[in-house]
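Visitor: Sequence below, structure please.
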Amino acid sequence: MVFKKMLSALGVGGPSVDTVLTNPNTRPGLVLDGQVNLRGGETPADIEQITLALVTRVEMEAGDSEYAGTMEFYRLPVSGAMRLEAKQEVTIPFQLPVPWETPITDVYGQRLRGMTMGLRTELAIARAVDKSDLDAVAVHPLPVHEKILEAFAQLGFQFKNADLERGHIYGVQQTLPFYQEIEFFAAPQYAHAIREVELTFVTNQHGIDVIIECDKRGGLFSGGQDTVGRYTATHAEVDQVDWRARVEGWLGQTVASYGRHPGHGHPGKQGGHHGRHGAGGMVAGAALGLAGGMIAGEMLEDSFEGDFGDFGGE
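Guide: Modelled structure (predicted):
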């Protein structure tokens with residue numbers, strides 16, 4: 001028995017955890033339903049806490065260098081202290097709220113290149129090695145997001161990449177420590193003025209802030225510079241607006257605002273880098289270039305192996 005306890009403390013023959021999601025697909029503001037399945041090991045174990053956490057990959061800065069790291073952005077305890085007997089099986093159901101600002105990872109069933117998202121289960125065990133489990137999660141756009149992304153496609157913008165930048169946007173009420181940038185190559189009719197566009201949504205229960213950052217082309221005797229515009233839309237107006245016209249207006253205002261300081265009502269991004277690295281139905285999907293490789297179709301589990309390798313299961 002002493003030998004078994006020693007092995008259990010080292011993580012051998014100890015409890016196991018497996019989280020099963022009812023549906024791994026969700027949207028900002030909704031919930032993820034599922035259950036945490038525990039199975040006792042060779043000896044009884046004292047469980048201190050079971051916690052769920054949403055984690056994703058975020059671009060960060062350290063001095064003059066940049067790197068990508070895994071960041072937890074929502075945490076939910078689902079069980080406190082409990083005794084798990086040897087070989088005992090316990091099921092704990094849960095509902096995890098998805099924050100409104102959760103970034104979009106999938107559009108029309110296709111993974112946005114550059115995005116990863118997972119639900120991590122942490123099993124804290126007294127006097128033993130803790131266990132964890134990681135499950136892929138797909139976050140789909142809300143209707144207002146879809147309308148705006150469709151408008152960009154209809155205007156001829158081509159998707160380039162998406163990523164998360166650590167930092168905050170000036171003048172925007174933001175609760176998460178990062179923001180998403182969905183990057184596009186400029187549509188032909190804008191190519192004379194801008195090279196690329198970065199689109200950011202900051203979502204809440206009433207609507208969204210839409211931040212458009214244009215990488216403005218430089219002239220013969222002047223360098224290029226970014227120009228940023230902030231606009232708003234509500235969930236309630238999603239079926240009442242000509243979104244192509246509205247987005248076209250936003251783009252025109254943003255390009256025309258070149259040279260204005262962020263402090264004069266135009267948001268700037270704090271903490272993120274500004275390097276140049278960088279979706280609707282069948283018609284919008286074709287316009288976005290889904291069939292041409294605009295959106296990478298790799299399974300999220302493959303991304304976990306590289307980005308989230310430290311959080312694998314047993």
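
Visitor: make it CA atoms for all contacts and neighbour counts henceforth
Guide: Will do.

Visitor: For Leu119, see how far away Leu134 is.
Guide: Separation of Leu134 from Leu119 (CA to CA, to the nearest Å) stands at 6 Å.

Visitor: Looking only at neighbour counts, state which of the two leads.
Guide: Legend: neighbour count by other CA atoms under 10 Å for Leu134 and Leu119, higher for Leu134 (26 against 23).

Visitor: Give me the helices and strands touching the longest helix seen in the chain, please.
Guide: For the chain, the helix with the greatest residue count under DSSP state H is helix 243-256. Packing partners of helix 243-256 (3 or more CA pairs under 8 Å, 6 or more residues apart in numbering; DSSP states H and E): helix 143-154, strand 207-216, strand 225-234.

Visitor: Those: which one's closest to Ala256?
Guide: strand 225-234 (8.7 Å; CA to CA).

Visitor: Starting from that closest one, tell me which strands it pairs with and how they run.
Guide: Strand pairing for strand 225-234, determined by DSSP bridges: strand 207-216 (antiparallel).

Visitor: circling back to that earlier point, gap between the longest helix of the chain and the chain center?
Guide: 25 Å (CA atoms, centre = their mean, to the nearest Å).

Visitor: Disregarding residues adjacent in the polypeptide, which is nearest to the residue nearest the centre of the chain?
Guide: Nearest to the centroid of the C-alpha atoms of the chain, with distances taken as CA atoms, centre = their mean, sits Pro103, at 3.3 Å. Closest residue to Pro103 apart from its sequence neighbours, by CA to CA, 6 or more residues apart in numbering: Gln180 at 6.1 Å.

Visitor: what bridges to that neighbour?
Guide: Beta-bridge partners, per DSSP bridges, of Gln180: Leu164.

Visitor: Over to Leu76?
Guide: Under the criterion used (DSSP bridges), Leu76 bridges to Leu52.

Visitor: Touching, it and Phe94? I think so.
Guide: No - under the criterion of CA atoms under 8 Å, Leu76 is not in contact with Phe94, lying 9.5 Å apart.

Visitor: Pairing partners for Asp135 in the sheet, please.
Guide: Under the criterion used (DSSP bridges), Asp135 bridges to Leu119.

Visitor: hang on, it packs against Gly118?
Guide: Yes - with contact defined as CA under 8 Å, Asp135 counts as touching Gly118 (5.4 Å).

Visitor: neighbour count winner among those two?
Guide: Between Asp135 and Gly118, counted using other CA under 10 Å, Gly118 has the larger neighbour count: 24 against 21.

Visitor: list the contacts for that one?
Guide: Shown in contact with Gly118 (CA atoms under 8 Å, 6 or more residues apart in numbering): Leu54, Val55, Thr56, Leu134, Asp135, Ala136, Val137.

Visitor: Which of these sits closest to Ala236?
Guide: Once CA to CA is applied, the member of the contacts of Gly118 that ends up nearest Ala236 is Val137, at 26.7 Å.

Visitor: wouldn't the closest one be in contact with Arg120 here?
Guide: No - if you go by CA under 8 Å, Val137 and Arg120 don't touch, sitting 10.1 Å apart.

Visitor: pLDDT at Gly218, what is it?
Guide: Looking at Gly218, its pLDDT is 51.

Visitor: Domains in this structure, by residue range?
Guide: Following automatic domain parsing, the chain resolves into domains at 2-140, 143-292.

Visitor: lowest-confidence stretch among those?
Guide: Note on the domains of the chain: domain 143-292 shows the lowest mean pLDDT, a mean of 80.

Visitor: starting at the chain centroid, how far to that domain?
Guide: With CA atoms, centre = their mean, you get 16 Å for domain 143-292.

Visitor: cool, and stretch 140-158?
Guide: Worked out by CA atoms, centre = their mean, stretch 140-158 lies 17 Å from the chain centre.

Visitor: So which bits of it are buried?
Guide: 140-142, 144-158 (16 or more other CA atoms under 10 Å).

Visitor: Not counting stretch 77-94 itself, show me its contacts.
Guide: So stretch 77-94 is contacted by 33-52 (CA under 8 Å, 6+ apart).

Visitor: what sits against Lys216?
Guide: Contacts of Lys216 (CA under 8 Å, 6+ apart): Ala193, Ile194, Arg195, Glu196, Gly224, Gln225, Asp226, Thr227, Val255.

Visitor: I should have written Leu155 there, sorry.
Guide: Leu155 neighbours (CA under 8 Å, 6+ apart): Ala187, Arg244, Glu248.

Visitor: Who are the contact partners of the residue lying closest to Leu142 once chain neighbours are set aside?
Guide: In this structure, Leu142 finds its nearest non-sequential neighbour in Arg27, 6.3 Å apart by CA to CA, 6+ apart. By CA under 8 Å, 6+ apart, the residues touching Arg27 are Val98, Ile104, Val139, His140, Pro141, Leu142.

Visitor: Which other helices and strands does the helix or strand containing Gln49 contact?
Guide: Applying DSSP states H and E as the criterion places Gln49 in strand 45-62. Counting contacts by 3+ CA pairs under 8 Å, 6+ apart, strand 45-62 packs against strand 65-79, strand 82-84, strand 117-125, strand 158-166.

Visitor: Much appreciated, bye for now.
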